[in-house]
Structures are given as structure tokens and as C-alpha cells.
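Asker: any chance you can model this:
(chains A and B)
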Amino acid sequence: MSNTIKEREPLFSAKNIKLLKNPINLDNPISVQVLGICSALAVTVQLKPAIVMALSVTIVTAFSNLIISSVRNTIPSRIRIIVQLVVVATLVIIVDQVLKAYMYDVSKKLSVFVGLIITNCILMGRLEAFAMAQKPWPSFLDGIGNGLGYGVILITVGFLRELFGSGKLYGYSVIPEAAFKAGYVNNGMMILPPMALILIGVIIWLQRSKNRELIDKS
Amino acid sequence: MDSLFNLFVRSIFIDNMIFAYFLGMCSYLAVSKTVKTSVGLGIAVTFVLLMTAPLNWLIDTYVLKPGALVWLSPSLGELDLSYLSFLIFIGVIAAMVQLVEMFVEKFSPPLYNALGIFLPLIAVNCAILGVALFVQEREYHSVGEVLAYASGSGIGWFLAITAIAAIREKIRYSHIPAPLRGLGITFILTGLMAIAFMSFMGIKI
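Answerer: Presented below is the predicted three-dimensional model:
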């Protein structure tokens, strides 16, 4: 077992901070690594489900990374996918039951997408690429970082779609009544699925114009 | 029969896995560089869906649902195993994908090589688990309905990935702003295709 090995470096060394910060922008799971897009789009009609989803994914990613990383030396490589899926599915069941118990309305809104965290590519991607080869603590941080990177995109898209689509934020109206009287209309297009895709496309565009090294070569 | 056909057509065009629910986006974005591989992956996904969806439905109806185990003994009527469904569904899917992988490796090595890493990744393709979970949530009543829904979703996914691959082959020669190249333009194209597919909304056969 590897988690008995003493960590020499401080818990929040520069390297570990980088693990936490990189996925938020330069190595973002959605816009750079192209992982976990499925659920990113469907739950962003409003801000609240987007935040809940981001939190759930962060928790599941962090803990599955931690668990898999602590048992990584005992997993036979041929059946590792199944082992990973079992760990992830168990964590997702816990999250799902907690959501059902304490936030029933949000859980109804997220419908199948909580279950789909299991097949969220971020999880498998990070488990395969990081947790299988690293110690538990960096893996845990990597999980949190990637969850946050996922959350940043989710919350941005959720914010824009709820603000322009229904004139609300987190369920409260923010556009003054006077604006509607003056002829302002909510953009119904924002609520429909296609806009989520286009918004993410635009976010990627902006991000890549800022960070030139991310541009596709082909 | 009428409604089965309706369900089939609906799940291809209106409730399209990619354009309406964004399921299976990861492989959709990653494999859609050439038409040939996308056709192969599309067929593989449809096939796996046709295998797993009815199987998962049977397990759900006869084992997991609240009171589903009554056929075993009336005293089990209270039992509700539905919290296990994620675990069971993903297990069935992973096993099924392993079978398909062995099958493809044996009978079509070129396709096996072309699909590469993406064949095992079908197991974590959200579209497959998504269909299983939608079937559970919408409470379909017969194997026929489940089959119609699964085949429709598979074909819808197949259509979407083939279409985007064809478009991406074409746009290789166009002048796209550099930061938008690759991923960005694919997202925007998918959005435009989704808008086009929305025109099917309201069709009833």
C-alpha cells in the first residue's frame, strides 16, 4: 500500500497548488481536454442545477481519485476499468441518495444526469491519466482541480443562459420590470439545447484567443 | 404498432441523443474526424444499445424496481433495490462492451484497429447508460417499446456523428479563425445542426 509512505513535501507545495489551479484555465477538462461534455450542457439551463452538478462532480472526482490512487498497486491492469467503474458508481449512488434526500427538486431537475456522472469522461480520464500513477494526496487535489475547472465552465454557461434566457439568476428575477416595459424580451433561444453548444464554442474561442498555445495545429 | 413507430421516429429526430440531450458527446467530438471511423463507431454504439437496453430493462423490471421481486416470493413485495440500478446497469454495459470488443477483434480487425481506444470507451459512452436510465425514468412498459427507443436513439446518434464527420472533412479547407479551429468550430456546428434538428419538433406519425 502506498498511502503509508510518508509525504516529504508540504501538503500545499507549489507543485500541488499547480495541480489545483491548472485545470481551471490552461488544462480545463471541458475546453482543453474535451472531457465530460455530455452533462456539462444539459444541466445549464439554470444556475442552481449547474452549481449542484458542479459540486457533485467535484466530490465524486476527488474521492474516486483518492480511492483508486490508494489501491492502484493492487488493481490488475486487465480489469481496471471495471474496478474504476465500481468505485465511481458507488460514489455516485451515495451522491444521488443524498441529493434525493435533501434537495429533491434539484434532483428531479437533474434527472438522469446524476447517474450519468458515472460515465462522465472526466472521471475515467483523470483516473486513467493521473490517479493510476500518482500518490493519493496529489490525486485528490487533481480531482478537486478538475472538478472546479468543470464547475467554472458549467457556472458560466448556466449564468449566461439563465440571465438571458429567463431574466433570472438562481431563481430570482434580476432584470427590472421597467426593462420589459421598455420593450426588452427574454431570449427564448437561450433556454433551448443548441445555445449551450454555441456558448461553449464561443467560450473555447475566447479562451484560445487569449492562450495562443492551445490552438489546434491541424 | 402505431405508437411504437412513433417512438422510434421521435427518438431519432426529436429526442436525438446528441442534439437534445448531449449524450455521448465525448466520443462524438473525438472520433468524428473521418466519416469511415464514425460510421464504424456509430454501428458499434447502435449495436451495444440494442443489446444492453432490453437487458437492463428486464433486470430493472424483474429485480430492481420496488416490489419487482414478487415473482420470487410474495414476502419480497416491500423490497426496493432501485438504488443499486447505477451499479448494475454499468456492470451490464461494461460486460456487453467487452463481448462486442472480442467479437469485432475476431471478425473485423481493420475496424478494430480503426476504432482503437474508442471501442472500450463505449462502456463509458454516456449515450448507452443514458438510454438505460431514460428507459427506467420514463417507465416503458414492454420490451417492444424499449427496443424501439433504443434502436431509434442508436440510429439518431449514428446519423449525428456521420453528419458531423462529413462536415468536418469539408471544412478542413475553409478559412476558420485560428482559435476557433478544431474544437470550437465543431461545437458551433453541432449547435447549428441542433437548431436544424429542432425543426422536426412536433412531428407526429
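Asker: make it CA atoms for all contacts and neighbour counts henceforth
Answerer: Noted.
Asker: in chain A, what helix or strand scores lowest on average pLDDT?
Answerer: When the helices and strands of chain A are scored by mean pLDDT, DSSP states H and E, helix A:37-42 comes last with a mean of 75.
Asker: report all helices and strands that the helix or strand just after it contacts.
Answerer: Next in sequence after helix A:37-42, counting helices and strands by DSSP states H and E, comes helix A:47-70. Contact here means 3 or more Cα pairs under 8 Å, 6 or more residues apart in numbering or on different chains; DSSP states H and E; on that basis helix A:47-70 packs against helix A:80-102, helix A:104-110, helix A:121-126, helix A:136-166.
Asker: if we go to 10 Å?
Answerer: Other helices and strands packing on helix A:47-70, by 3 or more Cα pairs under 10 Å, 6 or more residues apart in numbering or on different chains; DSSP states H and E, are helix A:37-42, helix A:80-102, helix A:104-110, helix A:112-115, helix A:121-126, helix A:136-166, strand A:168-169.
Asker: max-length helix in chain B?
Answerer: Longest helix in chain B, counting residues (DSSP state H): helix B:143-171.
Asker: quick check: mean pLDDT of that one?
Answerer: Regarding helix B:143-171, the rounded mean pLDDT is 92.
Asker: how far is it from where the chain is centred?
Answerer: For helix B:143-171, the separation from the chain centroid amounts to 8 Å (computed by Cα atoms, centre = their mean, to the nearest Å).
Asker: buried ones in that helix?
Answerer: B:145-168 (16 or more other Cα atoms under 10 Å in any protein chain shown).
Asker: and the angle for the helix or strand containing B:Thr190 with helix B:143-171?
Answerer: Following DSSP H and E, one finds B:Thr190 within helix B:183-198. Angle of helix B:183-198 versus helix B:143-171, following axes from the mean of the first three to the mean of the last three Cα atoms, to 10 degrees, is 130 degrees.
Asker: other SSEs contacting helix B:183-198?
Answerer: Packing contacts for helix B:183-198, counted by 3+ Cα pairs under 10 Å, 6+ apart, involve helix A:193-210, helix B:25-31, helix B:143-171.
Asker: send me it as CSV with only the CA atoms.
Answerer: The C-alpha atoms that make up helix B:183-198 are tabulated as CSV, following Å, rounded to 0.1, in the frame of the first residue of the first chain:
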residue,chain,number,x,y,z
LEU,B,183,-12.9,22.0,-31.1
GLY,B,184,-14.6,25.4,-31.2
ILE,B,185,-16.0,25.3,-34.6
THR,B,186,-17.2,21.7,-34.0
PHE,B,187,-19.2,22.9,-31.1
ILE,B,188,-20.8,25.8,-33.0
LEU,B,189,-21.5,23.5,-36.0
THR,B,190,-23.2,21.0,-33.6
GLY,B,191,-25.3,23.9,-32.3
LEU,B,192,-26.4,24.9,-35.7
MET,B,193,-27.2,21.2,-36.6
ALA,B,194,-29.2,21.0,-33.4
ILE,B,195,-31.2,24.1,-34.5
ALA,B,196,-31.9,22.4,-37.8
PHE,B,197,-33.0,19.2,-36.0
MET,B,198,-35.4,21.3,-33.9
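Asker: what residues of that helix count as buried?
Answerer: B:183-195, B:197-198.
Asker: check the residues you listed and tell me the two furthest apart.
Answerer: Comparing every pair within those by Cα to Cα identifies B:Leu183 and B:Met198 as the most remote, at 22.6 Å.
Asker: for chain A, which residue occupies the most central location?
Answerer: Central residue of chain A (Cα atoms, centre = their mean): A:Tyr150, 3.1 Å from the mean position.
Asker: likewise chain B?
Answerer: B:Ala127 (3.4 Å).
Asker: what average pLDDT does the helix or strand harbouring it get?
Answerer: If you go by DSSP H and E, B:Ala127 is part of helix B:126-138. Computed over helix B:126-138, the mean pLDDT rounds to 87.
Asker: got it, and stretch A:56-64?
Answerer: Rounded mean pLDDT across stretch A:56-64 is 92.
Asker: let me see the contact set for A:Ile175.
Answerer: Residues in contact with A:Ile175 (Cα atoms under 10 Å, 6 or more residues apart in numbering or on different chains) are A:163-164, A:166-169, A:184, A:186.
Asker: give me the buried subset of those.
Answerer: A:163-164, A:166-169, A:186.
Asker: chain B: which of those residues is nearest?
Answerer: A:Phe164 (17.4 Å; Cα to the nearest Cα).
Asker: and that closest one, what does it touch?
Answerer: Per Cα under 10 Å, 6+ apart, neighbours of A:Phe164: A:175, A:185-191.
Asker: select only the buried ones of these in PyMOL?
Answerer: Here is the PyMOL command that selects the buried residues among the contacts of A:Phe164 (16+ other Cα under 10 Å):
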select buried, chain A and resi 175+186+190+191
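Asker: rebuild the contacts of A:Phe164 as JSON lines, extending it with pLDDT and secondary structure.
Answerer: Formatted as JSON lines, those follow (pLDDT from 0 to 100; DSSP: H, G, I helix; E, B strand; the rest coil):
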{"residue": "A:Ile175", "pLDDT": "80", "secondary structure": "coil"}
{"residue": "A:Val185", "pLDDT": "82", "secondary structure": "coil"}
{"residue": "A:Asn186", "pLDDT": "82", "secondary structure": "coil"}
{"residue": "A:Asn187", "pLDDT": "81", "secondary structure": "coil"}
{"residue": "A:Gly188", "pLDDT": "80", "secondary structure": "helix"}
{"residue": "A:Met189", "pLDDT": "81", "secondary structure": "helix"}
{"residue": "A:Met190", "pLDDT": "83", "secondary structure": "helix"}
{"residue": "A:Ile191", "pLDDT": "82", "secondary structure": "helix"}
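Asker: what's the closest of the contacts of A:Phe164 to chain B?
Answerer: A:Met189 (9.6 Å).
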